[in-house]
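Undergrad: Structure for this input, please:
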Amino acid sequence: MKIIIYGANEIGSMIASEFYTSNDITVIDDEKNKVDAFNKLDVEFISGNASNIEVLKQAGIKEADIFIACNESDELNIVACLTVKRLSQAKTLCFVRKEEYKSSLGLAKDAEYNGDFYIDNVIWPEELLTQEIFRIITVAKALDVENFASGRARLLEYKIAENSVLVNCMLKNCEFPKDTLIVGITREGKLFIPNGETTLKKDDKVIFMGLSDSLNILAGKFFHEKEFVKSVTIIGGGNVGLKLAKRLDGLKIKIKIIERDEDRCNYLSQELDNALIIHGDGTDLELLNEEDVASSDVVVSVTNNDEKNLLCSLLLKNLGAKKVISRVSKNTNIALFEQVGIDIAISSKSASLNEIKNNIKDTNVGILATVEQGQGEVLEIVLPQNFTETKLMNLKLPAKAVIGIVQRRNRIIIPNGATQIMSGDNLIILTTSVDAPVIKEFFEGI
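TA: Sure, this is the predicted structure:
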């Protein structure tokens, strides 16, 4: 495919890095905005503004399949996407940072008066970040959560504690509940696909797939998740903090928000009927002790400053907080946050990249999510009508991967080697990002 990216910033470089090896990539932006990461990529760079018709023509917009606008300016992104729609048939993906643009532009495609003058997909990174944090909060002790088949099946990631009965247990001997599978393990920072002979170790991060009810049983049996999350403290009352609080309020969770701006505190009080709004600084140790923040089931630090989020999170871990989730603006900081003991570090850019992957799909193979900072991919495969029914044990995959879920019409199957797969089945597969291209090629050639 021919993909044009408007924005030579960090998210633009992440998108280009993901797709440049198998696609024709052109990047548009002013030379001064170009981050160093682009110097390592084999992509074409055009200096200019993508809202300029001549610049778009120079980039080959008429032959483009995908146009992604991720410039720092919402207005320039919107104008560029609308201009592209007048010049070509390219699918447009537009990044915005203001909620009002997401709300209004998201309806543009269906509005009768717009005709062909619309944007295909409007991406608000803060909304995606909020959704991801919400999923993780609502499953106690989980490091990652992904929902499939309208929530009937899930992916959950847990860390093996030192005192867990699973330590030194060979997978084939672990008595996991029916309809659950281990599909991946991260050990010492490296993700791999296990087999029955793999032995679990302390601090392994283990990825399960299965039916939601079965995973609840698994969590209660092995990860002591016998109670729901009842209290959450949010440090930072910006867009993410407010939207997260609204979603949690619907679950009757006790919420505290610590926000340093007094005017914002007054606004939060008007928007949230059941949350306790505290005017103060999340790095104030005395305040954290006075409000007993560390006793919350989950603490989330979502200010727009990485250094502040890191300091808040470290203070709370030292005070004994059970689970700390921290927002990270720069993807390169994720590993640092986790190395110093923060339970979960999440980036809106990573969430946005997953959304881009979900939208760039022109075959029977798509990407539902990534795991472990992009080390693994969750693929969605729809078996074509000419596929010959076969048992999984006879499916000779060219690289290591685990088919964790089979969706057959309204039925969800957690398969084993004897499971028959057939045309029309929707397969959900975990593999490493290194092996993902080989797995995709295999299924695309069926």
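Undergrad: List of residues touching stretch 198-206?
TA: By CB atoms under 8 Å, 6 or more residues apart in numbering, the surrounding residues in contact with stretch 198-206 are 143, 157-162, 164, 166-171, 174, 182, 184-187, 372. (Each C-beta comes from the backbone N, C-alpha and C, glycine too.)
Undergrad: rerun that using 7 Å as the cut-off
TA: With contact meaning CB atoms under 7 Å, 6 or more residues apart in numbering, stretch 198-206 is reached by 143, 157-160, 162, 166-171, 182, 185-187.
Undergrad: ditto for stretch 308-326
TA: Here stretch 308-326 has contacts from 133, 136, 141, 235, 282-283, 285, 288, 293-294, 297-301, 303, 327, 337, 340-346, using CB under 7 Å, 6+ apart.
Undergrad: How about that stretch, which residues are buried there?
TA: For stretch 308-326, burial by neighbour count (16 or more other CB atoms under 10 Å) applies to 308-310, 312-317, 321-326.
Undergrad: where does the stretch 101-250 of the chain dip in pLDDT?
TA: 106-117, 224-227 (pLDDT under 70).
Undergrad: how about the helices in it?
TA: Ranges of helices within the stretch 101-250 of the chain are 125-137, 212-222, 239-249, based on DSSP state H, counting those that start in this stretch.
Undergrad: want to throw the ones you listed into JSON lines with mean neighbour count and distance to Val382?
TA: Output for the helices of the stretch 101-250 of the chain, formatted as JSON lines (neighbours: other CB atoms under 10 Å; distance: least, CB to CB, whole Å):
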{"stretch": "helix 125-137", "mean neighbour count": "21", "distance to Val382": "24"}
{"stretch": "helix 212-222", "mean neighbour count": "18", "distance to Val382": "22"}
{"stretch": "helix 239-249", "mean neighbour count": "21", "distance to Val382": "31"}
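Undergrad: could you dump those helices to TSV with distance to Glu259?
TA: Formatted as TSV, those follow (distance: least, CB to CB, whole Å):
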stretch	distance to Glu259
helix 125-137	16
helix 212-222	32
helix 239-249	7
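Undergrad: Nearest to Lys85, out of the ones you listed?
TA: helix 125-137 (22.2 Å; CB to CB).
Undergrad: circling back: filter the contacts of stretch 308-326 down to just the ones in helices.
TA: Ile133, Ile136, Leu285, Leu288, Phe337 (DSSP state H).
Undergrad: Could you point out which of the residues you listed is nearest to Asn359?
TA: Checking these one by one against Asn359 (CB to CB), the nearest turns out to be Ile133, at 21.7 Å.
Undergrad: distance of the closest one from Asn71?
TA: Taking CB to CB, to the nearest Å as the measure, Ile133 falls 26 Å from Asn71.
Undergrad: same question, Leu82
TA: Distance of Leu82 to Asn71, computed by CB to CB: 14 Å.
Undergrad: And Phe337, by the same measure?
TA: To Asn71, Phe337 is 27 Å away according to CB to CB.
Undergrad: Give me the more crowded residue out of those two.
TA: Neighbours were tallied for Phe337 and for Asn71 using other CB atoms under 10 Å; the higher tally belongs to Asn71 (26 against 23).
Undergrad: Could I get the contacting residues of that one?
TA: Asn71 makes contact with Tyr6, Gly7, Asp29, Asn77 under the criterion CB under 7 Å, 6+ apart.
Undergrad: Dump those to a markdown table, plus neighbour count.
TA: Converted to a markdown table, those look like this (neighbours: other CB atoms under 10 Å):
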| residue | neighbour count |
| --- | --- |
| Tyr6 | 29 |
| Gly7 | 26 |
| Asp29 | 24 |
| Asn77 | 29 |
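Undergrad: In helices only, show me those.
TA: Taking DSSP H as the definition of helices, the contacts of Asn71 contribute Asn77.
Undergrad: Would you format the contacts of Asn71 as TSV with pLDDT and distance to Ser88 included?
TA: Formatted as TSV, the contacts of Asn71 follow (pLDDT from 0 to 100; distance: CB to CB, whole Å):
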residue	pLDDT	distance to Ser88
Tyr6	97	14
Gly7	96	18
Asp29	95	19
Asn77	95	16
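Undergrad: I'd like to know which of the helices of the stretch 101-250 of the chain is closest to Phe19.
TA: Taking CB to CB, helix 125-137 is the member of the helices of the stretch 101-250 of the chain nearest to Phe19, at 18.2 Å.
Undergrad: in stretch 264-279, what's buried?
TA: Within stretch 264-279, the residues scored as buried using 16+ other CB under 10 Å are Arg264, Cys265, Leu268, Leu272, Ala275, Ile277, Ile278, His279.
Undergrad: Would you point out the most distant pair within those residues?
TA: Taking CB to CB, the two most distant members of the buried residues of stretch 264-279 are Leu272 and His279; they sit 14.1 Å apart.
Undergrad: hmm, back to that, out of the contacts of stretch 198-206, which comes closest to Ala245?
TA: Leu143 (22.1 Å).
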